[in-house]
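Visitor: 3D model of this:
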Amino acid sequence: MDVRDACYSVRGRAIFSGLSLQAMKGQITAVMGPSGTGKTTLLRLMTAQIYADSGEVRVFGQNLADLGSRQIFALRKRMGMLFQNSALLSDFDVFENVAFPLREHTDLTEALIRSLVLTKLNAVGLRGAAQLMPEELSGGMARRVALARAVVMDPELLIYDEPFVGLDPIALGVILRLIQQLNQALGITSIIVSHDVHELSSIAHRTYLMAEGRIVASGTPEDLARSNEPIVHQFMSGDPDGPAPFHYPAPELTTELLADGPP
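Guide: Numbers count the residues shown, from 1 in each chain. Modelled structure (predicted):
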């Protein structure tokens, strides 16, 4: 995965202004940043849901802007995605949720599908929950089922969107361990988008910090922790005051209160 000098705007508002980052094969790459800096938008660029106004987004050496819909579809089959809300199909049990990509994209026999699904569920510790419905799962269990589904096609690239949100300390520790184990055992290139500094620092090989539409710092988690850059220090230490604003840009409150009509 290679993002080169990408620019992207929405209704004239710049989201990215020359964003560049690289995820190395077989490593865990963390992308952090304050809320509203475009982390989810970056994931949409990486999966060709949207396209950069300029610059390049390359996946498996291919510039996404040069690919047709069939090529994009084929490329996505080589990726796995763990969604922030797990995104399990509510009408399917755990087994069928994990089996869904195999049924949609392969012609495997039922026996082989069963073997693959049970193997992936065993890897995340939930083989015994195969017949449970999504509403019967805890948040941590649902995240693990979603992870099993994300890897059932043995992807080369695995993208995690805020994988630690809403997890208790035990479930969080389980997910951290699973991410590391999958990366090591399968040689997957992993990209984790999150704002959880401590958790990412414990597993990432390389970390990027996004702010102001660009990468403001990169390196190992230790490198970022030692940085004297004000915005990097603010984010890594969790300071409420600093270059990263709390308020979204707006007119003075008094001016807006005295104005007629809707804001």
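Visitor: the helices in the stretch 1-150 of the chain, which residues?
Guide: For the stretch 1-150 of the chain, the helices defined by DSSP state H, counting those that start in this stretch cover 39-46, 69-76, 94-105, 110-123, 139-151.
Visitor: for burial, what's the neighbour tally of Asp2?
Guide: 15 (other C-beta atoms under 10 Å). In short, each C-beta sits where N, CA and C put it, glycine included.
Visitor: show me the beta-bridge partners of it.
Guide: Taking DSSP bridges, one obtains Gln22, Arg58 as the residues bridged to Asp2.
Visitor: hmm, back to that, mind putting the helices of the stretch 1-150 of the chain in CSV, distance to Gly12 and mean neighbour count included?
Guide: Putting these into CSV (distance: least, C-beta to C-beta, whole Å; neighbours: other C-beta atoms under 10 Å) gives the following:
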stretch, distance to Gly12, mean neighbour count
helix 39-46, 15, 19
helix 69-76, 27, 13
helix 94-105, 38, 19
helix 110-123, 45, 16
helix 139-151, 35, 23
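Visitor: now the ones you listed in TSV, with mean pLDDT?
Guide: Shown next, in TSV, are the helices of the stretch 1-150 of the chain (pLDDT from 0 to 100):
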stretch	mean pLDDT
helix 39-46	92
helix 69-76	94
helix 94-105	97
helix 110-123	96
helix 139-151	93
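Visitor: of all these, which one comes closest to Ser218?
Guide: With C-beta to C-beta, the closest approach to Ser218 among the helices of the stretch 1-150 of the chain belongs to helix 39-46: 14.0 Å.
Visitor: tell me what that closest one is packed against?
Guide: strand 2-10, strand 13-22, strand 28-32, strand 54-59, strand 157-161, strand 189-193 (3 or more C-beta pairs under 8 Å, 6 or more residues apart in numbering; DSSP states H and E).
Visitor: could you redo the last one with a cut-off of 7 Å?
Guide: strand 2-10, strand 54-59, strand 157-161, strand 189-193 (3 or more C-beta pairs under 7 Å, 6 or more residues apart in numbering; DSSP states H and E).
Visitor: which of the residues in the first one are buried?
Guide: What that stands for is strand 2-10. 3, 6-8 (16 or more other C-beta atoms under 10 Å).
Visitor: do the same with the second one
Guide: For strand 54-59, burial by neighbour count (16+ other C-beta under 10 Å) applies to 55, 57-59.
Visitor: looking at the residues you listed, spot the one nearest Ser115.
Guide: Checking those against Ser115 by C-beta to C-beta gives Val59 as the nearest, at 29.4 Å.
Visitor: re the thing from before, now the helices of the stretch 1-150 of the chain in TSV, with distance to Tyr208?
Guide: Output for the helices of the stretch 1-150 of the chain, formatted as TSV (distance: least, C-beta to C-beta, whole Å):
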stretch	distance to Tyr208
helix 39-46	10
helix 69-76	22
helix 94-105	28
helix 110-123	28
helix 139-151	22
